[in-house]
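Engineer: Please work out how this folds:
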Amino acid sequence: MANPNIVNVTSILGTTTYYTPTGTAVVVLLPNAAASGLVFKINQIVCANVNGSSAVNATVSIYSNGAVAQGGAPAGGTAYPVISTISVPASASVIAVDKTTAIYLMEGTSISVTSGTASGITYTISYESIAS
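Structural biologist: Okay, the predicted model is just below:
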């Protein structure tokens, strides 16, 4: 797993993506493939309760050695929670990460999420894909 040098950046592409897990198992929200040559600067992760009637727990973690496609189970490694089992009230949102707590996602790692109720939380992630 390399650590791309971001001093001589060739491109910075801003992206926002979202995912609503249909189950309660841990799934990948954002993968950064091994040898991608990229580092992702995570600017914001929002956990929105779309259940409407009750609170739903949300967990957001960085997985080492866990880069697979969005929606898949992490490919292994260790989970390092950013937020862990936070109760998101009905029809409300929790900001798990914002620009004051930005995270760099290295090659071969992923941001993974867990919802306490199937289809209960929509995770939105805004990030910059930095190539050098």
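Engineer: Please report the distance of the residue positioned nearest the centre of the chain from residue 89.
Structural biologist: Residue closest to the average C-alpha location in the chain (C-alpha atoms, centre = their mean): residue 111, at 3.4 Å. Distance, residue 111 to residue 89, by C-beta to C-beta, to the nearest Å: 23 Å. C-beta here means a position set from N, CA and C on the backbone, and glycine is covered the same way.
Engineer: do the same with residue 96
Structural biologist: 15 Å.
Engineer: for residue 52, same thing?
Structural biologist: According to C-beta to C-beta, residue 52 and residue 89 sit 11 Å apart.
Engineer: Tell me which of those two has more neighbours.
Structural biologist: More crowded of residue 52 and residue 89, by other C-beta atoms under 10 Å: residue 89, with 12 against 9.
Engineer: just so I have it, where are all the strands in the protein?
Structural biologist: 11-19, 27-32, 38-49, 56-64, 79-88, 93-97, 103-105, 109-115, 121-131 (DSSP state E).
Engineer: which stretches of the protein have low pLDDT?
Structural biologist: Residues of the chain meeting the criterion pLDDT under 70: 1-2, 66-67.
Engineer: Can you tell me, leaving aside adjacent residues, what's nearest to residue 89?
Structural biologist: Leaving aside its sequence neighbours, residue 89 sits nearest to residue 55 (C-beta to C-beta, 6 or more residues apart in numbering; 5.2 Å).
Engineer: Report the separation between the one you found and residue 44.
Structural biologist: Residue 55 is 22 Å from residue 44, by C-beta to C-beta.
Engineer: So residue 106 sits against residue 34, correct?
Structural biologist: No. Taking contacts as C-beta atoms under 8 Å, residue 106 lies outside contact range of residue 34: 9.7 Å.
Engineer: Looking at those two now, which is surrounded by more residues?
Structural biologist: The residue with more neighbours, out of residue 106 and residue 34, is residue 106; 19 against 14, by other C-beta under 10 Å.
Engineer: before we move on, back to that, the residue nearest to the centre of the chain pairs with what?
Structural biologist: In this entry, residue 111 is beta-bridged to residue 30, residue 62, by DSSP bridges.
Engineer: Noted, bye for now.
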